[in-house]
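A.B. asks: Okay, here's the prediction I keep looking at, along with the sequence it came from:
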Amino acid sequence: MEKRETDEQLRVLSFDMDEEIDDRNERRGRKATPPRHAHTPMDPSHAIILAAIIIVGGLWGGKLLYDYIQEQRIKTALNEAAAQMQQTMKQMQQNSRRAQAEMQQRIEIEEETREQRRAERLAQVEAESARAEQEKRFKSSQCQFWWQQHSQSPTERTAQKKAEACGN
């Protein structure tokens, strides 16, 4: 055999393993199984439609997921802001209560101070009035008379009259 003949024989020879296996199984008494394909090929128009559905569904689902994540972030931020505002409001209320309490204390202290001043003025006015009354008695002619009588001749009667007239 020459090399050319061998090459030509190899070219003509076809190796169909499925047919060979089916022939061998028939000889042994087994039935031939129909050829199995993993799947039937898809029509290109169907493939394009399916790809478009997958792309649109993926984009839409991705957009929904993105929107949901953003919404959760916004809710979290708003909740944090609300909590911060509540804390600030509580602090402001406490400060306001403290300021009101301090103001009330100041008002009470001022009121007490005014009352003390009024009492002092009243006492001063009364003391001045009493002193003026006492001076008026001392300057009265009756007091002068009994004072002079008691200084010249001190007796129990002149002392009593002096006390009545002068207020001692």
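C.D. replies: Cool, got the structure.
A.B. asks: Going by C-alpha atoms from here, please, whenever you check contacts or count neighbours.
C.D. replies: Will do.
A.B. asks: Let me see the contact set for residue 88.
C.D. replies: By C-alpha atoms under 8 Å, 6 or more residues apart in numbering, no residues touch residue 88.
A.B. asks: and it, backbone torsions?
C.D. replies: According to degrees, to the nearest 10, the main-chain angles of residue 88 amount to phi -60, psi -40.
A.B. asks: and if you look at residue 153?
C.D. replies: According to degrees, to the nearest 10, residue 153 has phi -140, psi 90.
A.B. asks: What count of nearby residues applies to it?
C.D. replies: Residues within reach of residue 153, counting by other C-alpha atoms under 10 Å, total 10.
A.B. asks: Same question for residue 146.
C.D. replies: 21.
A.B. asks: Residue 76 and residue 123: what is the separation?
C.D. replies: As for residue 76, its distance to residue 123 is 69 Å (criterion: C-alpha to C-alpha, to the nearest Å).
A.B. asks: now do residue 84
C.D. replies: Per C-alpha to C-alpha, residue 84 is found 57 Å from residue 123.
A.B. asks: Tell me the secondary structure of residue 58, please.
C.D. replies: State at residue 58, reduced to three classes by DSSP: H, G, I helix; E, B strand; the rest coil: helix.
A.B. asks: Helices of this structure, residue ranges please.
C.D. replies: In the chain, the helices defined using DSSP state H lie at 3-12, 17-28, 44-139, 141-152, 156-166.
A.B. asks: Mind checking the pLDDT average for the third one?
C.D. replies: In this model, helix 44-139 carries a mean pLDDT of 94.
A.B. asks: repeat for the second one
C.D. replies: In this model, helix 17-28 has a mean pLDDT of 77.
A.B. asks: begin at 673 from here
C.D. replies: Happy to do that; since the first residue is 673 now, the last one works out to helix 689-700.
A.B. asks: got the contact list for residue 714?
C.D. replies: Applying C-alpha under 8 Å, 6+ apart to residue 714 gives no contacts.
A.B. asks: can you tell me how far it sits from residue 723?
C.D. replies: Separation of residue 714 from residue 723 (C-alpha to C-alpha): 12 Å.
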